[in-house]
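Provided below for reference: sequence and predicted model.
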Amino acid sequence: METIFQYQSSTSDDESDNEIKLNPQLNTAINLKSFEEKNKLSNNSNKTTNQCNFEKSSLNPQETKDNGKKIKGYVSKRIKLQEVNEKNLESQQKEKEQISPDSNILLPFRTNLLDLPNRIQSALDEKQDVIHKTIPKKQIISLPKEHTKGINILLWCGSFGQVLASASMDGTVRIWDVFRSKECVRVINHDGAVKDAKWDNFRNNILSGGYDKTVKLTNIETGTLIQSFPHPQVVTSLRYHPKQPNVFVSGMMKDGIRTWDLRSNKVVKESRKFWGSVNDLEFFPDGINLLCCSDYVVRNSSDKNIMVWDINSMTSISNQIYQEAFSCTALRMHPLHTHFVAQSNGNYIAIFSNEKPWRLDKRKRYEGHLVNGYPIRCNFSLKPDPGRYLVSGDANGRLFFYDWFSSRIVKIMEDAHKDACTDACWHPLLNGMVASCGWDGKLKIWR
């Protein structure tokens, strides 16, 4: 039986093999049928998936329904960022409305305050204008009146002039974003009138002092107070040391001059042998000697009006520089360090040699403007020809521009301010741009 079964199975296998070998056309036909069946199945599956996608797309793109529940759909990153930005703007607007008037931060600032504006950046990339455009022609910007009393001093920030600072008799120092928002962006409050203010060597902090007998060092980007320096008398003048960035000097009313160290917050040197109020301070380029002027006048003589001090020992080197019977309100060193000038209450600007014995130039002076007891200041032009021109305020609200070499009046801006024009300063980079302030509390930009 086993032999018979084996024989039958072997014969059946051989027959099937022979059938496959003998009928190749039948084999290809079977393969074609199976291929067509697979294609039909794949087409049916694609139709079902397309129907599902169509049903999903007919629903809300943000939400899909599944068993009666709302499921959030895909939200792109761009839409998410837009929602976040809108929420941030709303929160900033609420903060702006809730800011108190006593706060040092007046407006929330979304960008760095000391970033270079486009106008200054383009001036850095391009060449400077020619010299004859250094004198401004007209007023281009009138900043809003935020000061309620007269302004004593204003000064551009650093070597690029991104922002402008102004110190006023209303007890505030205001930081102005002149080129972007044209508004006041920071306020530093004092308990009395502010007489003077100076930028530090890093150009992000400002030093201010006045009638509250306190000098404050404030960061303008955050509006926070860094240090305070108490004084026994009213602070009338400030100046940083040109060689030592952590040292500054302060002049007081009837109590002399003090030298301070920012690191220790202590007085390093002081001089109490002084007469009158210190109106202004100015360092010589070497940083060894200090120049100061006061309102001390006795018997038609002001032999102690302009004095030179040794900064290391705080001893007087000379007090016989200016012998005329007029007090001086401001001192300025020429950018080329050859001379210095003094704004005199005799209604002129006097010129002195920068070398010992610091002689007065009796053949040349800058006159035409009026001082009349106001704290009128003057400043030299910076770009592109340093010290070529000299600008001064006026008791009648005018701006005077003088030529340094000929001492002639180059231009007069009539009715620049309604009251006395107390200070005017050139922009450190933009050629022909001048900022001015007055006893009327207004600030204007000229070019």
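Noted; the coordinates are in hand.

per-residue confidence at I4?
Note on I4: pLDDT of 40.

bridging residues for A167?
I153, V173 (DSSP bridges).

What count of nearby residues applies to it?
30 (other CB atoms under 10 Å). Every C-beta, even on glycine, is put in place using the N, C-alpha and C of the backbone.

check contacts around it.
I151, N152, I153, L154, V173, V194, K195, D196, A197, S208, G210 (CB atoms under 8 Å, 6 or more residues apart in numbering).

so L155 touches V173, yeah?
No - applying CB atoms under 8 Å as the test, L155 and V173 come out as separate, 10.5 Å apart.

how about the strands in the stretch 251-400 of the chain?
257-261, 266-271, 278-283, 289-294, 306-310, 315-318, 328-333, 339-344, 348-353, 366-367, 378-380, 389-392, 399-403 (DSSP state E, counting those that start in this stretch).

Would you mind saying which of those lies nearest K243?
Distance to K243, taken as CB to CB, is lowest for strand 278-283 among those, at 8.6 Å.

how about the residue lying closest to R272 once chain neighbours are set aside, phi and psi?
Counting by CB to CB, 6 or more residues apart in numbering, R272 lies nearest to G256, which is 4.6 Å off, once chain neighbours are set aside. Note on G256: backbone dihedrals following degrees, to the nearest 10 are phi 80, psi -160.

In this structure E146 contacts D170, no?
No - at 9.0 Å, E146 and D170 do not qualify as touching, with contact defined as CB under 8 Å.

Quick check: neighbours shared by the two?
By CB under 8 Å, 6+ apart, the residues touching both E146 and D170 are G441.

ok so, going back, identify the contacts common to L155 and V173.
Joint contacts of L155 and V173 (CB under 8 Å, 6+ apart) are A165, A197.

List the buried residues in stretch 433-447.
Neighbour counts over stretch 433-447 (16 or more other CB atoms under 10 Å) mark 433-447 as buried.

rewinding a little: who's more crowded, L155 and V173?
More crowded of L155 and V173, by other CB under 10 Å: V173, with 26 against 20.

And stretch 333-353, what's buried?
Buried residues in stretch 333-353, counted by 16+ other CB under 10 Å: 333-334, 339-345, 347-352.

got the domain boundaries for the protein?
Annotated domains of the chain cover 2-61, 112-446 [automatic domain parsing].

Give me the mean pLDDT for the longest one.
Think domain 112-446. pLDDT averaged over domain 112-446 gives 90.

distance between it and the chain's centre?
18 Å (CA atoms, centre = their mean, to the nearest Å).

Now the terminal residues of that domain, how far apart.
In domain 112-446, first residue to last residue: 25 Å (CA to CA, to the nearest Å).

now swap in stretch 277-293 and tell me
Span of stretch 277-293 from end to end, CA to CA: 8 Å.

Direction included, what does the one helix or strand I226 maps to pair against?
In this assignment (DSSP states H and E), I226 forms part of strand 225-230. Paired neighbours of strand 225-230 in the sheet (DSSP bridges): strand 214-219 (antiparallel).

What lies in contact with the strand it pairs with?
Strand 214-219 has contacts (CB under 8 Å, 6+ apart) with 104, 173, 188, 190-191, 200, 204-209, 224-231, 235, 238, 250, 260, 262.

which SSE is I79 in?
helix 77-98.
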